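Asks: What follows is a predicted structure for the sequence shown.
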Amino acid sequence: MSTVTSTAVTNWTPKSVHAGVNAVFATYTTTSSLTAASVVQMLKIPDGARVVGGFATSPADAFKLSVGDGDNPDRYLVTAQSSAALETHQFAANGGLGYKFSVSDDAIVKFDTVDILVGSAACTGVLGLCIQYYMDKDDNQ
């Protein structure tokens, strides 16, 4: 098991726009085989964001993946299996849609990541992830 990070996590600051839905997309190209139970940190999500939709694409047929975060690795997508390369998997309403990210007030970093958990044997290729979220207004506004 290993944890790797997409360039979207290392090079992008999440938007905390309070008007409308924000959509973000990232890809991760494997340079070596990802093994089962590897985690790919794909996108940053700001504190207070509420996820309302998304999808993931898989790099190969017979590839299994889950989408979640550090607290719940399959919060948005529970072990989807591809039947073809670059197949799109829509987020399921398994408790994750509508989830609000909440980062401790003491935390220096004010975001979390949405991750892909590799659930199948080693694979190379391109993973894709799109997240749609909106920002709740502060309770005092």
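Replies: Received, thanks.

Asks: rest of the way, CA atoms for contacts and neighbours
Replies: OK.

Asks: Enumerate every residue touching the most centrally placed residue in the chain.
Replies: With distances taken as Cα atoms, centre = their mean, the chain has Val114 as the residue nearest its mean C-alpha position (3.1 Å). Each residue near Val114 by Cα atoms under 8 Å, 6 or more residues apart in numbering is listed here: Gln41, Met42, Leu43, Lys44, Ile45, Val67, Gly68, Asp69, Gly70.

Asks: Skipping its backbone neighbours, what lies nearest it in space?
Replies: Taking Cα to Cα, 6 or more residues apart in numbering, and ignoring the residues beside it in sequence, Val114 has Asp69 as its nearest neighbour in space, at 4.9 Å.

Asks: Just confirm that neighbour contacts Thr113, I think it does.
Replies: Yes. Assessed by Cα atoms under 8 Å, Asp69 is found in contact with Thr113 at 6.2 Å.

Asks: Phe25 and Asp106: what is the separation?
Replies: Taking Cα to Cα, to the nearest Å as the criterion, Phe25 is separated from Asp106 by 28 Å.

Asks: Then Ser120?
Replies: Using Cα to Cα, one gets 37 Å for the distance from Ser120 to Asp106.

Asks: Between the two, which has more neighbouring residues?
Replies: Using other Cα atoms under 10 Å, the more surrounded residue of Ser120 and Asp106 is Ser120, with 17 against 7.
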